[in-house]
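[1] Here's a sequence, model it:
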Amino acid sequence: HGVYPAAGEDAWVAIVARDDAEWRALCDAIGRDDLGSDPALATLAGRRAARERIDAAVGAWTSARSAAETASLLQSRGIAASAVQDSAQLGEDPQLLGRAHFATLEHPKHGTTIVESARFLLSETPTSVAGPAPESGADNDHVLAQILGYDEDRVTELVVAGAFG
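    Presented below is the predicted three-dimensional model:
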């Protein structure tokens, strides 16, 4: 498991070899059969002990190609891998767009905002985003009086003391 450098500025790829078979597939993919056949690396414990050596080998291979190319190649071999994305890249990700992961909302004070929707889709229970987040302090009265049980004098003390900036 690790996040490795990819070609390009501040580009990274996350890779997970979940078991011994995926470990051997990873070694084959990166052209390091010597690692895959090394008896000292045949077990998870052995690989953990040699983490720096393995990370150096994997990182040398990933840094020569783009994160997307690396992820695609490894995925085709059954190895979990994903390009690490920044916010702009996430907003353009075909998988997230196809699953309607982002919702556009109108906020009364801030205009159009984009928020994350549900992280899952259910076949018979549609998900939705109820609305934009409330303004800071919008629920103060409810929290102070109804939840905390403060009386009006206590709330006034807090307001005067500047507790609600």
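
[2] Distance of the residue nearest to D93 when sequence neighbours are not counted relative to E22?
    Spatial nearest neighbour of D93, chain neighbours left out: Q85 (6.5 Å); criterion: C-beta to C-beta, 6 or more residues apart in numbering. Every residue, glycine included, has its C-beta placed from N, CA and C. Between Q85 and E22 the distance is 23 Å, computed by C-beta to C-beta, to the nearest Å.

[3] Break down this protein into its helices, ranges please.
    Applying DSSP state H to the chain gives helices spanning 20-29, 33-36, 44-49, 51-62, 67-76, 87-91, 94-98, 140-141, 152-160.

[4] Would you mind saying which of those lies nearest G111?
    Nearest to G111 among these is helix 87-91; the distance by C-beta to C-beta comes to 17.0 Å.

[5] ok, back up a step: and I114, which of the helices of the chain is closest to it?
    helix 87-91 (7.3 Å).

[6] can you list contacts of the closest one?
    Residues from elsewhere that reach helix 87-91 (C-beta atoms under 8 Å, 6 or more residues apart in numbering): A83, L96, F102, I114.

[7] How about the contacts made by the second one?
    Contact partners of L96, counting by C-beta under 8 Å, 6+ apart, are L90, F102.

[8] how far away is it from I79?
    In terms of C-beta to C-beta, L96 sits 21 Å off from I79.

[9] now the third one
    Between F102 and I79 the distance, using C-beta to C-beta, works out to 28 Å.

[10] again, but for G36
    The spacing between G36 and I79, counted by C-beta to C-beta, is 12 Å.

[11] Then V16?
    7 Å.

[12] likewise E157?
    For E157 relative to I79 (C-beta to C-beta), the value is 60 Å.

[13] And for L158?
    Applying C-beta to C-beta, the value for L158 to I79 is 55 Å.
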